[in-house]
Each structure stands twice: as C-alpha cells, then as structure tokens.
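In: got a predicted structure plus its sequence, pasted below:
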Number of protein chains: 4
Amino acid sequence: MCGPNFVDDHTRSRIAAWASVRHQVGASPFGPEDQVGMLNLVTPQISASMLARADATRVFDLSVDLFPGMPTWTEGGEPPYQIWMNHTPQGSVVDDPVGVGPEVNQLVAWSADSISMFTHCGTHVDTLNHFGYHDSIWNGFTTKEHLGSTGWTVAGPDTHPPVIARGVLLDVATAHDVDLLPDSFVIDQDQLEMTASRQGSEIRPGDVVMIRTGRGSTWPDPIAYLPREPGLNRAGAQWLAERGAAMIGADNIALEHLPSADAENWLPVHTYLLAEAGVPIIEVVDLEAIAEEELFEFCYLGAALKLRGATAGPVRPLAFPLLG
Amino acid sequence: MCGPNFVDDHTRSRIAAWASVRHQVGASPFGPEDQVGMLNLVTPQISASMLARADATRVFDLSVDLFPGMPTWTEGGEPPYQIWMNHTPQGSVVDDPVGVGPEVNQLVAWSADSISMFTHCGTHVDTLNHFGYHDSIWNGFTTKEHLGSTGWTVAGPDTHPPVIARGVLLDVATAHDVDLLPDSFVIDQDQLEMTASRQGSEIRPGDVVMIRTGRGSTWPDPIAYLPREPGLNRAGAQWLAERGAAMIGADNIALEHLPSADAENWLPVHTYLLAEAGVPIIEVVDLEAIAEEELFEFCYLGAALKLRGATAGPVRPLAFPLLG
Amino acid sequence: MCGPNFVDDHTRSRIAAWASVRHQVGASPFGPEDQVGMLNLVTPQISASMLARADATRVFDLSVDLFPGMPTWTEGGEPPYQIWMNHTPQGSVVDDPVGVGPEVNQLVAWSADSISMFTHCGTHVDTLNHFGYHDSIWNGFTTKEHLGSTGWTVAGPDTHPPVIARGVLLDVATAHDVDLLPDSFVIDQDQLEMTASRQGSEIRPGDVVMIRTGRGSTWPDPIAYLPREPGLNRAGAQWLAERGAAMIGADNIALEHLPSADAENWLPVHTYLLAEAGVPIIEVVDLEAIAEEELFEFCYLGAALKLRGATAGPVRPLAFPLLG
Amino acid sequence: MCGPNFVDDHTRSRIAAWASVRHQVGASPFGPEDQVGMLNLVTPQISASMLARADATRVFDLSVDLFPGMPTWTEGGEPPYQIWMNHTPQGSVVDDPVGVGPEVNQLVAWSADSISMFTHCGTHVDTLNHFGYHDSIWNGFTTKEHLGSTGWTVAGPDTHPPVIARGVLLDVATAHDVDLLPDSFVIDQDQLEMTASRQGSEIRPGDVVMIRTGRGSTWPDPIAYLPREPGLNRAGAQWLAERGAAMIGADNIALEHLPSADAENWLPVHTYLLAEAGVPIIEVVDLEAIAEEELFEFCYLGAALKLRGATAGPVRPLAFPLLG
C-alpha cells in the first residue's frame, strides 16, 4: 500500500488550509482561471504510474445503465430519463424522411433515437459549478458574469480532463459487516478512519476515493435506492479533502447522508466539496463488483461527456486491478 | 509496426467470408446471442497488450464538446442538442424547490440542468441496431420481436464493453497532401492501401481504425462540416472489415461519402458495416491532434454511455501514444 | 329542455348500428376519408343554434393549468410536464443570444421558455388514432400505411374542427349525493339514465357529454386524482354513443373506471369509443364550477391545438350558459 | 361600423397617457395585482355584444398546424417543434408497458405521443412577462421576486381569461394592392390610418387588432416566412395602443418589422407593447381566409393554453362573421 507521492509538502499544507474555510467559496491555489479544482492534484506522473500497473484483462465497469424508470432525483421537479425513436424501419416507409421512396426505405432499415435527461441522472460527475454560496462558485466565478440563460460558461465537464488516477474504495458497509448501511447513516471522519484501517488503505493526494454505503446493492429499485440515504457528512468530507482527494464518489444518489443535519444547509457536503474545497463528486457509482473483489486500490479511469457548461457530466468510469 | 496477433487463421477466414455477403443481415460467428459483432475480436490479450504500452502522460481526447448550435444531423427532423437549467441560485430563492426557505436558498447556490439530444450528436458509437435490412438487424434480431415503442431491446450501447484496443489512424487527407479532402471524395480500397502504405501502417484483427478526411478541421462550422462529406465507400469498408477491424471511425458526421452513389441505398456503408459485417462505427471523432502528431498507431480506449437499447452511445474516447 | 334536433331518423338508426359492433374498428358512415367520426354530427345548424343562445358574460373555463408536478399519466413511462427557460433577462447579458451586446440586453429584458409534455397531459381531446384494434384504427386506417416513425399521418387533432355544440353535464356524483364517487365506481347505462332523469337532461345527437365523477374536486393532488378512478364502462359508453354523443368527456384522467373489468382489454371504453364508435374523448376536464352552478345544459366551445398527427390535442374548452 | 363603446372617456385618457411612456415598465391602471394589462378593456358587455352577433355557421380558424419542420424562431438556439411516440401498437407487444401480455397488447392497439416546443412556436399569445426593461416587467414585477429557475410566477397565460372581443383586421398588404409587403416594410401610424380608411375600419377600446402583412401567404416555407419580416414599428404600435387595442396580432413571426431600426433595442415594439403599454401580442396568426373574405370586423374568440408562468400560450383563435 505504499507508493509514489507526487504532491509536495507545500501543496499538502495548502490543501489543509482550503479545507478549513466555511461557507465561503474557495480561491483556487491553481490560479484565477482554474475551473476543476483538485483534479489538478492528479499529475501526469500519477496517471502514468497508475496506468502502467493497470490490468486490462479484468476491467470493472463502475457505471449503471440509463433507462426509463431508473432511479433519479426528481424531488425538485427534474425530468426523468427519456428515450424515443426518431426513425424506425417501418415508420420511414410511411414518412420517408430523406426522400428515397418506399422500396429504399424498406431495404435500408433505419432506426435512430433521442434522449432527454437530467445531467445528474445515472453515473455522473458533479462539476464545481453545481453548488456555490451566495451567487458565487469555486474560485469566485459569479452568476452575474458567468451564468447564461441555459447554463454556466465556466466549470462544466468540458473543462474536465480525462482522469486517470489512483482509486481507493472505502467499503464502509463491509467494514460494518453489513450489506447496506442503515437509512441516513452518517459517515464521518471516524467511520472513514476505521474503514481505512480495517482495509489497510491510505488516502493520498490525487486519489479518487469511492465510498461504499451498500445502496448500490438495491439498484435499480427507486424506493430502496433513493430516500434517506446513508453517506458522508461534512467532517468526513473534510477529512478526505485534507488528505488531497481529487474527486470523491459513492454508490448513492447524493454522496452525503440525507436528510441533512444542518438546518441552514440542505446539502452541506456538496457546498463544502464543490464550493470550498474544489473537489468534484461522482454519484450513482456501481461499486458492487469491486467490493466483491475487495479491490480497495485500483487504477481509476473516467472521462466525462463534455457537455459545455453543464453542472454534471455523465461518465462511464473504469477500475483496473493493479499489477506488480 | 509489427506486434502480437491474437486472432488465428480460422477467424481470419471467417472474417473474409462474412464480409462478402450482400444486402442480407449477418449471422454472428460469435453465436445467436451476440449483439456487438466484431468487438469480440478485441480479446483481453489485445487490451492488455495495448494498455501495457500506453503512455498516460500524453492523453489525446478524441471527442468534441456538446453545445447548442453544434453541427448535428437534422435532415430527417432530428432534434438539435439542447441544454437548460432546472435550478439556478436566484431562481431557487423564488421557487424554493426543496422547501427550505429563502435564506437557505440564498446561502446554498444550487445550479442544475438537463439536456436533450439525438443520440448520434457529438462523438458517438453507432451500435449494430442502427441500420439493418428489411426489418432485421445484425444476427437476425427483428423489429417484430425486439423493437419496442421507444427503442430496441437488443444491441444497444449497454451491451458494449469498454473497448481497449489497438488504434490505427489512416490519415487519407495528409496522404493526399491536403488539409481537407474534396466534397464527396470517395475513399475506397485503393485509397486505404495507399494511405496505409505511405504511413507504414497495417490493419490487424481487433483494430479500431480511424479514417481522417480533414472534415474535423472545419469543426464546428455546420456549413463546412456537414454537407457532401468525403468518406468511405462500401469497397473501402469491406477492405477494412476483411482485415478484422473491430470498429471504424472518422472525423465526419456519417463515416461514408455523401451523397451515396448507390441509388438503392442512401447509406450503403452503414448497412454493410452494421448489418452485414457486424462492425460498429464511431462518428464525429476529433482526429486533428493525433494527425498533427502522426500518431498512426495508438492505444484506443473508449467506453460509450450505456443508453439501454439506443442506436448510439455518446463516448469520449482516448488515444494514448505507445511506449516501448 | 326541449329544442331543435338537426339529426334525422336515418342518422339515428345508423348511430345505433355502429354502436353495437364489437372489437372491430368501425367503418365511418361519413365516408372513407373521415378521420373525426361523430364530430360530424355537430352540424353548422347545431353550432349556430347553440352559440346564438350563449351568454358571454359568464364564461366557464373547463380546463386546468399546466405546471410541473401536475397529475398526469406516467405508468407506462410517459414524461411529466416540463417547462424551462431559453432566455432570461440576466442570462442574455451573459450569453448575448442575438449579438446585441450587454447594454442592449440589459435594457431589453427578454424571457422565453419551452415545454415538453405527453399530449395526454392536462385537459385534452383523445383523437381517434389513440386506440384501435390489431394495428387498425377507426375507419380502417392502418399502422402499416399511416403510422410514421414519430406519429400518425391521419386522425390527429389537426383534423378536428373547432367544436361548438350542445353541452350536457351528467353529474353522477351529485346524483348520488356525494362529492366524489368511490374508487373504481362503475358508471353504466343505469347510472347515466338515473342521473339524466334526476337532472331532467336528455342526450341528443351531436352533444358533447360531460360525466362528473367528482375526481376534479381532488385536483391537483396526484395521489387522490389518479389511481383507481371511477368512470364509464362499455355499456355506459354505448348508451351515450347510441344517443349520438359527438364527444364524451369527464373530470378524470381516463374517462373510464379503472382497473378495467375486462381481462382481455385494459381500456375497453377507449377502444370502443375511439375505434368502434368513432367518438372522441375529452379528459381532465374541470367540471367543478359548472356542477356548482347546476349548468346541466350549455353551449360547449372547444378548439384543440392542431398537433399534426398526434393522438391528443390540448384544449381549453369553454362552457356558456344558455340564454332564452 | 358604429356600435357600442363600453370604455369611458377617463379610461381613454389613461390609455393615451400610458402609451407615451418610454423605456420604463408601465404601472397598470387596473391595480398592482394586474397581470394581463389591456385585456381588462374587454368587458363582459363587449364579449356579450360580439358573441351575440357571431355567425357560428362560418367559423374561421386563425391558427396554423404544429408539425416538425414548421417555421419557428431558432436564432437564439430555441428548440424546433418535436413530436414522438411513447407507445405504438406493435411496440407495446414488445415492451408491454402496462403488463398485460402480448395478446392483449395485440388487441388493444395503443398509440400515444409527446411533444416539445418553444412556447412561441405556432399561433400563440405573447404574455406580458415576455419582455420588460431592466429586470422588471409590466406593472413592476421583478426578476428577483418573480422569476424562478424555470419560469415566471406571474403574468403567464394561466392568468389570461378566454378572450371574446371585437376583432379588426387591418389588411395592410391588400391596402397596398400586393399579396405580400416587401421585406422589412415598416407599418407605422400612417400605414394603419391609410389601411383603416380604405377599409372603413375603426379601432375601439377592447379590440383585438390583426395586422396582415401577407407573410401568411408564404406559410409554411421557413425561408420565405421568417427573415426580414414586414411589420409594425413603435409609432404604429403606439397608435393602436392609444386607441385601446386589447391585443395586437399579425400573420408573421414577430409582429414588428425586422431588423429593428432602433440600435438600442432589437425588438422595440415588443418592449413597448408588453412592458409599457400592457398589450399582449398574437403571432403566427393565419389571416389568409378572413382577408380573402374581407372580414374586416369579426367576433374574435381565443383561449390560450394555461401554461403556468410561461411567456407565451399556444392558442387556436377563431373568427366569426358578424350577423345583424
């Protein structure tokens, strides 16, 4: 569990400093143009080091399928996932969309479709523009200057690089010898330390950390998957951010325990990680297979769809066991 | 340019046999349940061999951004890419979507959005259900048995594995010493052989082959990018399929030259590759950077979004230079 | 309650004849091109006669608002009503969609929005293509000849004339001295006769008949409005069709009682009225105010949005008290 | 052409006063809660008077069909009209959306569909929240207080009553003896006076005034219908508002001549009518048939779909010739 560490002490102390700010958007240590925050901690050297050890004969897919009726956040009126046909083989014989006549349409059996979805549906990365404080987001970008009618002009998944990093699974459920943590179970610093200790895991700067609550085992039952989820609290998130987590994910819809214990903030882990600490989030991650394999350390590889200016990017992340 | 070859002679002869069928859907050599065709040629050994040599310090992103107004196929009435806000920081103060009151909404600056898109918009994989012949697709799946009201139940991107393969760039434009091939330029077997020969490239079973026409240099101007594109013809596609291409992509909207020269088939390369030869397609690939680097051989890594039953999957593929 | 009758005996006997066919699409007595069925019974004379007596000082609006979260049919994966902004006053200052610069955008405070909806959401007319039998609809139009990839080419609301007719309210709930009929309550011929008799109402050829179940009093609570609704059965629908109803509506989501009592047909009143009898349906009608006024007879005026080829047309129908 | 006048002199003078304000939102003379402006001028007496004379044997439909590819405003990235199927007779046999099995699905041939559209697509009413000045709209409603994340909470078509009014057609094209006014032709006060004079028409308080430019004769060719339209200028709009127009419509996409002659305002007639004068607008009105009939005065009846908070409401307005 030892290995290279490409982040120096100065950076470590800066990480600790950012992590302690409260309810105020962070100024990026990576400069006034920075839009991706702690993804900067994933250096090319880390990426190269991890990919060099990746075993491509056993790829683990960390994403879920997208389909109508899948569990997704709809409490605030967000649209459920939809798919529909624009062209069907028989339909084209009737409507002849490209003007080739019935015989050609009968020969050339064309099917094509469209989708609509909340960008936070399915396995996805929350980008730093998703939550802020008082009309500002990470690094001081403001709604006044940077929020157009249909979206942000900064900090969307189009600014995310492909991420190849050390991945760490913290299987909190298994550390408690359960398949599924209780509703609204709080994962704080102690829980994380206990889990890391039992697993023999260590968090290093630039890591993509995955928290397993067991909710993934209930997928895709919306009733079991969505309400009152177990998850991180702010202290737990801060513990991870202080150790240099580049991105934090979980096998649930919102990473953090719900409902919030903070009467003044209904998603305090989101605002902390995204707006203060500059740490993107990954949600609806399928961790069941790597938990089964006890793949606590792995090569994480994920490249979110570059939806310009969006607050999330759908992604199909992969986990590779490490060789050598 | 030599290297391991994990596909035996028997497989090679079967590849050649399938490739010669005409206007009739192919029966998969991989069995009656097969839904991904020649992706089966990408063996774990090939994936491991390529990833082991991948240089992660220089990752090339082969995908384009998704944004309103981007070039996309709309000739048959397909919807353009759209994005919109479900929640804005100020808007939530007014509509209070989660019932927390104005002060909390003011503190917690929530932004969230949704998209709608034709699945063939942006960089995407065409799956084998996209085109067939006479109400059947690859491997004999039929509209009657497998096409529901809003989509296919088979052969969508949810059936695609993450693809880690040898990638080959055939830069036909540069082989002709031009930045951009002329409108409707036909890339046939001779063009491919000439390009491969000039580059010193070889196509092997399991390869992901990228054809560069130069149209990518006009991105994102819809007028320059979309109409009358240069591209493959059926003979060129067949030449690639016979050599065992697992997937074929290009830097244009439809892979093949348009308009079609075949009066009875308006997209003959699509029907051939998808329905007869079982070869998925990748479109709107950004090949400019790897062409600039003359990265003719690389490690291809792409994992399409698992839109269940869709005829295409958006994807952000990566190209890694090869070490050693 | 007496009045002019512009439909002759011959027509009456034909109406009775069509109404007795079972599980077989009807051939229109109005000719092979007919796409609107019994709307033909609303003659210009009926329209003129009714409008001449309409009291425009007291217009009753029979439609509901459309808004996110409203009750709508989603059991089969249909999308809920959505609305979103394309342009906001502040957003245009940021994204400058028409290229006029920040000062002009600040002056000209532009707001604009889009919607998406199931066509059967809100107050709407079900057109005759909504249900059929075995791939055919009213008057023998077939899926093979008339159903394109995204819709029917016949019998949509674009074929509906504005309807100005005699309206009759049959307030079954009040006839039972209740505000709301019990769940799944069956409204059959006897119920209709009893209600008509208590009210002193008569059904005449060309009438738009509104059935009040009381479900409208629960609007817009989805839990109370949607499941296990009271409503018509086939015998009740047949009784109305035999009397020449041109259109039949109700204050619920699906007109008929649910669940269906017919194991072989999950919406037998729909298939009967639309496919056999040629009678369009109106759903989610707000009948509360006219019930309160005991406006059992009125001038009905409704003009559905002409969504070409759709299976329903949103409509804002009006009821006018009759003068004289 | 004479007739009742239900608006008193005091109201007339107030109308003239409002109409002279510039670039400042109007305070409604109908009180601080007013959201519909000059629709208040359509008194019940006017409605009754007009409907009493309406000839229902000859109804003129003033709306266009809605269909994919129809002309619509897309310059600012707005979505074109879309329709798609949620259920098809054959598709339900495959996907069995309500769980009834293949035999029942085969018998019950269910078709159902959804739409998405810009609310300003097709014949529609622009509501007073569509344009304002500096973050305020008619009657002082502000974005800060009244614009939620997905729409306004005030002044949408859900606040519009059904409108039954005196309709006046000002056929400017015919007054110039042309079928179609030239591109960008300016309709000012003089043009309106000349047209009214030639027709013998008079504008009265509470009128719905329709301006015919001839663009409707090019429908539905987007190239001919949309760009550089002839239409009203501010002076013309003011002339109508001063006379008490309750609503002003035209047979084009944007009522006013385009491009705007005002360098500081790209839609000066919209901002004037909606924000200053409180006069809703109707666009994409089909005036061809009533122009052919020289139906210069008629009973106007229109009831916009009650899309809560939207900036426009689709509508199918009717024109009735006047009897007596």
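Out: Cool, got the structure.

In: list the contacts of residue A:313.
Out: By C-beta atoms under 8 Å, 6 or more residues apart in numbering or on different chains, the contact list for residue A:313 reads A:119, A:124-125, A:127, A:156-157, A:160, A:304-307. Using the backbone N, CA and C atoms, a C-beta is placed for each residue, glycine as well.

In: now name the helix or strand holding it.
Out: strand A:312-314 (DSSP states H and E).

In: how far does that strand sit from the chain's center?
Out: Strand A:312-314 sits 8 Å away from the centroid of its parent chain (C-alpha atoms, centre = their mean, to the nearest Å).

In: can you tell me the average pLDDT over that strand?
Out: Here strand A:312-314 scores 98 as its mean pLDDT.

In: just checking, what packs against the host helix or strand of residue A:166?
Out: In the assignment (DSSP H and E), residue A:166 maps to strand A:163-171. Applying 3 or more C-beta pairs under 8 Å, 6 or more residues apart in numbering or on different chains; DSSP states H and E, one finds that strand A:163-171 contacts helix A:44-52, helix A:189-199, strand A:208-212, helix A:288-292, strand A:297-302.

In: contacts for that strand, please.
Out: A:3, A:39, A:42, A:46-47, A:50-51, A:192, A:195-196, A:199, A:201-204, A:206-212, A:246-247, A:287, A:290-291, A:294-303, A:319, B:56, B:59.

In: in contact with the residue of the stretch 201-324 of chain A found nearest chain C, which residues?
Out: Here the stretch 201-324 of chain A gets closest to chain C at one residue, residue A:309, 9.4 Å apart by C-beta to the nearest C-beta. Residue A:309 sits next to A:129, A:148, A:151-154, A:156, A:158, B:67, B:83 when contact means C-beta under 8 Å, 6+ apart.

In: and residue A:11, what pLDDT?
Out: Per-residue confidence for residue A:11 comes out at a pLDDT of 62.

In: what is the neighbour count of the nearest residue in space to residue A:123 that is not next to it in sequence?
Out: Computed as C-beta to C-beta, 6 or more residues apart in numbering or on different chains, the closest residue to residue A:123 that is not its neighbour in sequence is residue A:63, at 3.8 Å. Residues lying near residue A:63 (other C-beta atoms under 10 Å in any protein chain shown) number 23.

In: of the contacts of residue A:309, keep whichever come out buried.
Out: Among the contacts of residue A:309, those classed as buried by neighbour count (16 or more other C-beta atoms under 10 Å in any protein chain shown) are A:129, A:148, A:151-152, A:154, A:156, A:158, B:67, B:83.

In: can you tell me which of those residues end up in strands?
Out: Judged by DSSP state E, strands contain the following of those: residue B:83.

In: return the residues of the stretch 151-300 of chain A in contact with chain B.
Out: A:151-152, A:158, A:161-162, A:164, A:264-267, A:271, A:275 (C-beta under 8 Å from any C-beta of the partner chain).

In: same thing but 7 Å
Out: A:151-152, A:158, A:162, A:164, A:264-267, A:271 (C-beta under 7 Å from any C-beta of the partner chain).

In: generate a ChimeraX selection restricted to the buried subset of the residues you listed.
Out: Listed next is the ChimeraX selection for buried residues among those, using 16+ other C-beta under 10 Å:
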select /A:151,152,158,162,164,265,266,267,271
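
In: so who does the residue nearest to residue A:222 when sequence neighbours are not counted touch?
Out: Using C-beta to C-beta, 6+ apart and skipping residues adjacent in sequence, the residue nearest residue A:222 is residue A:71, 4.2 Å away. By C-beta atoms under 7 Å, 6 or more residues apart in numbering or on different chains, residue A:71 lies in contact with A:220, A:222, A:225-226, A:253.

In: if you look at these, which of them are in helices?
Out: Judged by DSSP state H, the contacts of residue A:71 include A:222, A:225 as members of helices.

In: which among the contacts of residue A:71 end up buried?
Out: A:222, A:225-226, A:253.

In: and which of the residues you listed is nearest to residue A:99?
Out: Lowest distance from residue A:99 to these (C-beta to C-beta) belongs to residue A:222, with 43.4 Å.

In: would you map the helices across chain A?
Out: Under DSSP H, chain A gives helices at A:9-19, A:44-52, A:89-95, A:102-107, A:143-146, A:172-175, A:189-199, A:222-225, A:234-242, A:268-270, A:288-292.

In: which one of the ones you listed is the most hemmed in?
Out: Greatest average neighbour count among the helices of chain A goes to helix A:268-270 (a mean of 25), per mean count of other C-beta atoms under 10 Å in any protein chain shown.

In: what average pLDDT does it get?
Out: The pLDDT scores in helix A:268-270 average 97.

In: which residue comes closest to the residue in the stretch 151-300 of chain A positioned nearest to chain C once chain neighbours are left out?
Out: When scored by C-beta to the nearest C-beta, the stretch 151-300 of chain A has residue A:153 as its residue closest to chain C, at 6.5 Å. Nearest non-adjacent residue to residue A:153, counting by C-beta to C-beta, 6+ apart: residue A:146, 4.9 Å away.

In: coming back round to it: farthest pair in the residues of the stretch 151-300 of chain A next to chain B?
Out: Of all pairs drawn from those, the widest gap by C-beta to C-beta lies between A:164 and A:264 and measures 37.9 Å.

In: and the residue nearest to residue A:277 when sequence neighbours are not counted, how far from chain B?
Out: Take residue A:277 and drop its neighbours on the chain: the residue closest to it by C-beta to C-beta, 6+ apart is residue A:241, 4.1 Å away. For residue A:241, the distance to chain B equals 18 Å [C-beta to the nearest C-beta, to the nearest Å].
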